[in-house]
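[1] Requesting a structural model of the entry that follows:
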Amino acid sequence: MTRRAPTHRKPHTTQVGIDVVLFSIIDDALCVLLINRQWEPYAHVASLPGAFLRADETTQAAAQHVLRTKAGITRPVYMEQLYTFDTRGRDPRGDFPTVAYMTLVPHTAVPLGNSATTQEPHWVPVVRLPRLAFDHELIVRTAVARLRAKLEYTNIVYSLIPATFTLTRLQRVYEIILGHALDKRNFRKKYLSLGLIRATRGMERGGKQRPARLYRFVSRTPAQLKKFF
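    Just a heads-up that it's a prediction; the model follows:
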């Protein structure tokens, strides 16, 4: 007896959004890059830089395209896929899911300015977010939580600081992101024991403070470690 092949529904197709949460440390604050939307929905409201996924690209390629066109970033940066946000009603134009990416850069790597594609990019401290379009506040909060968690078992902090830095500055970056102070002696002892950084011959001088040794990361590529906080 010949069995009929099962009947399958046609795959559901819909547009997929790509949104990028771009973090940097500016003036001792964790900041996120926002743009001002030019068109409805949410015209003139702040939002994350984003775009719709094109048929010929991967989600990561789309995120990199967003960074180039909306933020002017052309150099390699740390990037990871954050989460897919697909709550019904998140976009008034229809039930469009968005794939969010988290990116970390030293803010000197982002030459802010307007062009034919940028939309008034500007930095905002995550503790003082304005009203955001769509569900972008949720996306930012989710990214902050991810970043804090990853600081505890990875070396991705290298993406937020210059090539050389003092131990005081390194600790301060951790404190800014985690939102609380760390014991100086314990931080230095634990961090130096990881073998992630090495001292250079350079010294930071100036001001009333004593000259401080400059360090650099042994490798500026992502690595997973044993939890050290």
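[2] How is the chain divided into domains?
    Domain assignment of the chain by automatic domain parsing yields the ranges 17-151, 156-217.
[3] Using JSON lines, lay out these together with mean neighbour count, distance to residue 224 and mean pLDDT.
    C-betas here are computed from N, CA, C, even on glycine. What follows is the domains of the chain, written out as JSON lines (neighbours: other C-beta atoms under 10 Å; distance: least, C-beta to C-beta, whole Å; pLDDT from 0 to 100):
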{"stretch": "domain 17-151", "mean neighbour count": "17", "distance to residue 224": "9", "mean pLDDT": "91"}
{"stretch": "domain 156-217", "mean neighbour count": "14", "distance to residue 224": "10", "mean pLDDT": "92"}
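[4] Would you format those as a markdown table with distance to residue 226 included?
    A markdown table is the format used below for the domains of the chain (distance: least, C-beta to C-beta, whole Å):
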| stretch | distance to residue 226 |
| --- | --- |
| domain 17-151 | 13 |
| domain 156-217 | 8 |
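[5] quick one: which of these is nearest residue 225?
    Of all these, domain 156-217 sits nearest to residue 225, with 6.3 Å by C-beta to C-beta.
[6] what distance separates the start and the end of that closest one?
    Separation of the first and last residues of domain 156-217 by C-alpha to C-alpha, to the nearest Å is 11 Å.
[7] quick one: contacts for the residue nearest the centre of the chain?
    Among the residues of the chain, the one closest to the centroid is residue 103, at 2.8 Å (C-alpha atoms, centre = their mean). For residue 103, the contact set (C-beta atoms under 8 Å, 6 or more residues apart in numbering) comprises 20, 21, 22, 23, 63, 67, 77, 78, 79.
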